[in-house]
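A.B. asks: Sequence and computational prediction follow.
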Amino acid sequence: MKYFLPASPAAQDFGEYKKFGQRVFRECKTLAKGLRGLQVFHINSTAAGGGVAELLKSQIPLEKNLGLNSRWLALQEPKKFFFITKQIHNLLQGQKGLLSEPEKKYYLDQLAKPGRELRRLLDKIPGKPVVVLHDPQVLPLMEYLPPAAGIAVRLHIDLSTANLSALKFLRPFLEKADKVIISHELFRPDWLDRKKTAVSYPAINPFAPKNRELSLRRTAKYFKLFNIDLSRPLIAQISRFDPWKDPEGVIQSYYLAKKEIPKLQLVLEGAMEAKDDPQAQGIYQQLKMEYQNDPDLHLHGEKTLAGPAYQTWVNALQSRSGVIIQKSLREGFGLTVAEAMWKGKAVIGGDALGIKAQIKNGRSGYIVSSPAECAKRIVQLEKNPQLAKKLGQAGRLTVKNNFLFNRLILDFLKIYNELA
Ligand code: UDP
């Protein structure tokens, strides 16, 4: 294909999930039997980097293993397109401003050729396919789908304070979908039919290199590579350099906490991988210029490791940091929170709906609204490892019961069943 990159992640056996719940496992098997051979097309805007790619990497193989014919197509577009869609993303997460008419036109026009290419492909598919459009980048492709297709839109972003002009622009597409899947009930625009929406939390894959248990020995080499001293306190945030992830706020929190813990080190891991986020580069360069003289502040904006080694590094960082921070101001969900909780880490999260869906403040982590509050919690947890361990254990249980892939697959099979 010319306008899409077909992505084919490694196979996975859904049977591995049996141990996380017999009932969900059996329900999935039963539903999947009725959906055998269903043609499902997941369409998004990047094959690597960010939460959507992370989800599809696990979702596609599991759906295939259950007998569905699921495919993943990542839209290819020039940088200018992704500058505009990142702006749409920012407006939908509550940024002030307007999309200009030429920007709207460029975004819609640019999707015409991919739309026609997709249509040619779908017209050759026997039966009724289901198409899942992930996030606004690909939303207008809906106009090009065959009338018989079942259309789901999966919005991964936090729409609770959406800029109304941007929402109005996208409203016709959302209304046209057969199903709109969101990560929180409060993300549903009030004009969108409740019956048409489904709430489904994202999930993590406990068998992936990023989430598997690691031996301490296997992780040490990475820290050496990045000059991080494991004998000293370490905190980290793993996130794209995005204003909503508040990297600036994390740095402020670190400096406040460092007054009480002078040997504290911070890693901001934000490898520039997601090609649909061109804003990240500028934010990273700016921070790097400002903070380059602090050897304890590790700003990682370039990907120095590839493939599974990179996944293992993120795993190691999440596993061996004393505290994991996800100080987002808005968050559709925040896979990094579930990933760290799964590793039994105490997580300090920002006061955002997606994060509050995962962390119960004071029980399985902390929710904070300012750098001062964040710093206070860092110091508290660093000085009280028993407390950190208790919160971490509660966090792991939360993930086991709610945020693993068996539950996500069940949610989607139910939706496919409705649409097919
Ligand atoms: N991630 C990563 N390296 C980075 C930044 C993020 O591997 O430098 C991964 C992270 O572990 C998670 C995903 O990318 O699996 C980000 O998902 P999340 O929902 O937290 O945020 P999004 O980027 O989708 O807003």
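C.D. replies: Structure's in. What do you need?
A.B. asks: Alpha carbons of the host helix or strand of residue 339, as PDB, please.
C.D. replies: Per DSSP states H and E, residue 339 falls inside helix 335-342. Output of helix 335-342 as PDB, limited to C-alpha atoms (Å, rounded to 0.1, in the frame of the first residue of the first chain):
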ATOM      1  CA  LEU A 335      -0.300   3.200  30.100                       C
ATOM      2  CA  THR A 336       2.900   4.100  31.900                       C
ATOM      3  CA  VAL A 337       0.900   4.200  35.200                       C
ATOM      4  CA  ALA A 338      -0.400   0.700  34.800                       C
ATOM      5  CA  GLU A 339       3.000  -0.500  33.600                       C
ATOM      6  CA  ALA A 340       4.700   0.800  36.800                       C
ATOM      7  CA  MET A 341       1.900  -0.400  39.100                       C
ATOM      8  CA  TRP A 342       2.200  -3.900  37.600                       C
END
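A.B. asks: For the least confident helix or strand in the chain by mean pLDDT, name the packing helices and strands.
C.D. replies: When the helices and strands of the chain are scored by mean pLDDT, DSSP states H and E, helix 216-225 comes last with a mean of 90. If you count contacts as 3 or more C-beta pairs under 8 Å, 6 or more residues apart in numbering; DSSP states H and E, helix 216-225 packs onto helix 307-320. Backbone N, C-alpha and C define where each C-beta goes, glycine included.
A.B. asks: measure residue 124 to residue 44 for me?
C.D. replies: 22 Å (C-beta to C-beta, to the nearest Å).
A.B. asks: With neighbour numbers in mind, choose between those two.
C.D. replies: Between residue 124 and residue 44, counted using other C-beta atoms under 10 Å, residue 44 has the larger neighbour count: 24 against 6.
A.B. asks: Same question for residue 299, what's its three-state structure.
C.D. replies: Following DSSP: H, G, I helix; E, B strand; the rest coil, the label given to residue 299 is strand.
A.B. asks: That one - how many residues pack around it?
C.D. replies: Residues lying near residue 299 (other C-beta under 10 Å) number 21.
A.B. asks: Contacts only, for it.
C.D. replies: Contact analysis of residue 299 by C-beta atoms under 8 Å, 6 or more residues apart in numbering lists 268, 270, 284, 287-288, 291.
A.B. asks: for residue 326, same thing?
C.D. replies: Listed by C-beta under 8 Å, 6+ apart, the contact set of residue 326 reads 237, 239, 245, 334, 336-337, 340, 347-350, 355.
A.B. asks: rerun that using 10 Å as the cut-off
C.D. replies: Contacts for residue 326 (C-beta atoms under 10 Å, 6 or more residues apart in numbering) come out as 236-239, 245-246, 250, 334-340, 347-350, 352, 354-355, 358-359, 365.
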